[in-house]
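Asker: got a predicted structure plus its sequence, pasted below:
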Amino acid sequence: KAGVTQTPRYLIKTRGQQVTLSCSPISGHRSVSWYQQTPGQGLQFLFEYFSETQRNKGNFPGRFSGRQFSNSRSEMNVSTLELGDSALYLCASGPGLDNEQFFGPGTRLTVL
Amino acid sequence: AQSVTQLDSQVPVFEEAPVELRCNYSSSVSVYLFWYVQYPNQGLQLLLKYLSGSTLVESINGFEAEFNKSQTSFHLRKPSVHISDTAEYFCAVKSNTGKLIFGQGTTLQVKP
């Protein structure tokens, strides 16, 4: 099976812009989670989707949003970008809510 | 709130020496425990997991971890490390709330 894929791999934006990141889970996986990784804060949970429903949400402002489609693919959106949003955004998929998660390579977002 | 503490931010060790990366978690409920490894410029790879059953779990590349409920620990060990084991290692806990909570990571530096 193909692994979790994320597009784009690298992205450069300026403050105030918005960005959409995409994640395709492993075939058959219905759970998709998003994480933000920064040197200062480490890995932080953003949200988790299962069968198109958001099941969990981390402590991020409303500028961060996401959705999941019927084919389990997921997107996350960040509006009104700030410098502090520069990070590696990781997507992970799993067969269900209580199983291990398999991570994609991430999208490196740089906000100038 | 659940938390994960990785006691060492960096662990330098010589090749073929044994290593232990420490992980403690706080949770009053049953948890699932994971170790992930991240190589430079890559996403996270699942190294091993404890879901239930035997408290000693092993990976295919010689790492093992033991779940100790009384000490709320899940330390990662390898009897003889290789240069290729140089990477960042993350301990994570997932409870019945569904969120995957990561520790701050431990950088394993294997020296020749």
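Answerer: The structure has been received and is ready for your questions. Residues are numbered from 1 along each chain as shown, chains lettered A, B, ... in the order given.
Asker: which residues in chain B form strands?
Answerer: B:3-5, B:10-14, B:19-21, B:24-26, B:32-38, B:44-50, B:56-58, B:64-68, B:73-78, B:87-94, B:100-102, B:106-111 (DSSP state E).
Asker: CA-only coordinates of the second one in PDB, if you can.
Answerer: Written as PDB, here are the backbone C-alpha positions of strand B:10-14 (Å, rounded to 0.1, in the frame of the first residue of the first chain):
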ATOM      1  CA  GLN B  10      19.900  14.600  23.900                       C
ATOM      2  CA  VAL B  11      21.600  11.200  24.400                       C
ATOM      3  CA  PRO B  12      25.100  10.800  23.000                       C
ATOM      4  CA  VAL B  13      26.400   7.200  22.800                       C
ATOM      5  CA  PHE B  14      29.200   5.400  21.000                       C
END
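Asker: chain center to it: distance?
Answerer: Computed by Cα atoms, centre = their mean, to the nearest Å, the chain-centroid distance of strand B:10-14 equals 15 Å.
Asker: that one pairs with which strands?
Answerer: Note on strand B:10-14: by DSSP bridges, its sheet partners are strand B:106-111 (parallel).
Asker: tell me which residues in the strand it pairs with are buried?
Answerer: Buried residues in strand B:106-111, counted by 16 or more other Cβ atoms under 10 Å in any protein chain shown: B:106, B:108, B:110. C-betas here are computed from N, CA, C, even on glycine.
Asker: which one of these is nearest chain A?
Answerer: For the buried residues of strand B:106-111, the residue nearest chain A by Cβ to the nearest Cβ is residue B:106; the value is 11.3 Å.
Asker: touching, the closest one and residue B:21? I think so.
Answerer: Yes. Contact criterion Cβ atoms under 8 Å: residue B:106 and residue B:21 qualify, at 4.8 Å.
Asker: quick one: low-confidence parts of chain A?
Answerer: Applying pLDDT under 70 to chain A flags residues A:1.
Asker: ranges for the helices of it?
Answerer: With DSSP state H as the definition, chain A shows no helices.
Asker: find the centremost residue of it, please.
Answerer: Taking Cα atoms, centre = their mean, the centroid of chain A lies closest to residue A:34, which sits 3.4 Å from it.
Asker: quick check: closest non-adjacent residue to that residue.
Answerer: residue A:46 (4.0 Å; Cβ to Cβ, 6 or more residues apart in numbering or on different chains).
Asker: tell me where chain A has strands.
Answerer: A:5-7, A:10-13, A:19-24, A:31-38, A:42-50, A:53-57, A:64-68, A:74-78, A:87-94, A:102-103, A:107-111.
Asker: need those strands in TSV with distance to residue B:90, can you?
Answerer: Output for those, formatted as TSV (distance: least, Cβ to Cβ, whole Å):
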stretch	distance to residue B:90
strand A:5-7	18
strand A:10-13	22
strand A:19-24	19
strand A:31-38	10
strand A:42-50	7
strand A:53-57	19
strand A:64-68	21
strand A:74-78	21
strand A:87-94	11
strand A:102-103	10
strand A:107-111	18
